[in-house]
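A.B. asks: Okay, sequence plus prediction incoming.
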Amino acid sequence: MSAWPHAPTGIDRYALAARHLRHRANESQLPGRFVFCFPPAALTMRLPSSLAKNPRCAGAAPPFPASEKPIPRLIGELRMGLVVGLSVLALMLPSGSPPHANAIPPANDSAAFPAHARLADWGDAPVSDPVKNMALWTVVTQDHAAMPFVIIDKRAARLYVFDAHARLQAHTAVLLGSAIGDHTVPGIGEKAIADVLPEERTTPAGRFNGRIGRNLNGEDVVWVDYDAAVSMHRVRPNVASERRLERLASETAEDNRISYGCINVPVDFFETHILPVFSSMSAAIYVLPDQLTLDDVFSAAP
């Protein structure tokens, strides 16, 4: 964790900014009663940390109702357009009809996520309830944008890799920041490692747009929070007294807090399961909190 000279080109913080909006027409202006519904859209944008609910969160996904395909009906009766920062198609539905909407999927995504198959699959792996809830919420809302994603359970010190269909591919123990906490100190990424205080060595919770890059030593890593200099990388057993390999092999999570905030992954696992996911694309990384609730961090998570 030290000062980085330049951020990799194209690192975006993804946030699903569209919300399910409902507006009832003024009965004095329109005959009958109508409900104008807008299907939420998955948008890619840069979020300054000052706008994120978690100062180091790369953008929390808003609540989207799980549903079928958007309903393209009554378009011919469209009488008025509303502008909400950008042009959105307004759908008119009779009053009392339940609106149906979902996040607009990426191109060629409809076949990958049919409405009847929106369930995460973790097989017989030991998975905590927060991980199950996060995986289900992710696929129901399509927050992962039909791409593989990673969930890190800080309390259990475990990492889970899911494919684009939300099927668990592999999981492993990991090493995390030695300090318990879900935020990072502003400006921590500009500090030299020797200047980072023990209480500042946290692994931040939140939704991050993970992307492969290189650190100052030229090592390929997956950046989690670039501003905070937090990455996911191969475990480095450089200091014998830290016993990092032994900590990874132990059955308890209590001794897995040893890093300055980075996520240490077993070398074989990193090569086999992490690099293939991020080598050609960016993907969502969900870091579950130590102390906060999922709702605190992800806004709409269960």
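C.D. replies: Perfect, thanks for sending it.
A.B. asks: Going along the chain, name the helices of this protein.
C.D. replies: Along the chain, counting by DSSP state H, helices occupy 129-141, 244-249, 267-269, 275-278, 294-298.
A.B. asks: Turn those helices into a markdown table, including distance to Val174.
C.D. replies: Quick note: C-beta positions are derived from backbone N, CA and C, even for glycine. Shown next, in a markdown table, are the helices of the chain (distance: least, C-beta to C-beta, whole Å):
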| stretch | distance to Val174 |
| --- | --- |
| helix 129-141 | 13 |
| helix 244-249 | 8 |
| helix 267-269 | 9 |
| helix 275-278 | 15 |
| helix 294-298 | 18 |
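A.B. asks: nearest spatial neighbour of Asn264, skipping sequence neighbours?
C.D. replies: Leaving aside its chain neighbours, Asn264 sits nearest to Leu175 (3.7 Å; criterion: C-beta to C-beta, 6 or more residues apart in numbering).
A.B. asks: Then Arg214?
C.D. replies: Leaving aside its sequence neighbours, Arg214 sits nearest to Asp220 (C-beta to C-beta, 6+ apart; 5.7 Å).
A.B. asks: my guess is the one you found meets Arg211, correct?
C.D. replies: No. Using C-beta atoms under 8 Å, Asp220 makes no contact with Arg211, being 11.2 Å away.
A.B. asks: between those two, which one's more packed in?
C.D. replies: Set Asp220 next to Arg211 and count neighbours by other C-beta atoms under 10 Å: Arg211 wins out with 19 against 15.
A.B. asks: Not counting residues beside it along the chain, what's closest to that one?
C.D. replies: Distance criterion C-beta to C-beta, 6+ apart; nearest residue to Arg211, sequence neighbours excluded, is Ser282 at 4.3 Å.
A.B. asks: could you point out the longest strand in the protein?
C.D. replies: Determined from DSSP state E, the single longest strand within the chain is strand 206-214.
A.B. asks: Could you give me the buried positions within that one?
C.D. replies: Gly206, Arg207, Phe208, Asn209, Gly210, Arg211, Ile212, Gly213 (16 or more other C-beta atoms under 10 Å).
A.B. asks: for stretch 237-252, same thing?
C.D. replies: Buried, per 16+ other C-beta under 10 Å, within stretch 237-252: Arg244, Arg247, Leu248.
A.B. asks: Is Asp163 in contact with Pro148, as I believe?
C.D. replies: Yes. The criterion here is C-beta under 8 Å, and Asp163 meets it with Pro148 at 5.2 Å.
A.B. asks: Neighbour count: these two, which is higher?
C.D. replies: Neighbours were counted for Asp163 and for Pro148 using other C-beta under 10 Å; Pro148 has more, 20 against 13.
A.B. asks: Give me the distance between that one and Ala170.
C.D. replies: 11 Å (C-beta to C-beta, to the nearest Å).
A.B. asks: which neighbours do the two share?
C.D. replies: Common contacts of Pro148 and Ala170, defined by C-beta atoms under 8 Å, 6 or more residues apart in numbering, comprise Val161.
A.B. asks: between Asp163 and Pro148, what contacts are shared?
C.D. replies: With C-beta under 8 Å, 6+ apart, Asp163 and Pro148 have common neighbours Gln169.
A.B. asks: Next one, pLDDT for Leu216 please.
C.D. replies: At Leu216, the model reports a pLDDT of 88.
A.B. asks: separation between it and Ile193?
C.D. replies: 11 Å.
A.B. asks: same deal with Leu288?
C.D. replies: Distance from Leu288 to Ile193, by C-beta to C-beta: 25 Å.
A.B. asks: Between the two, tell me which one has more neighbours.
C.D. replies: Neighbours per residue, other C-beta under 10 Å: of Leu288 and Ile193, the larger number sits with Leu288, 25 against 10.
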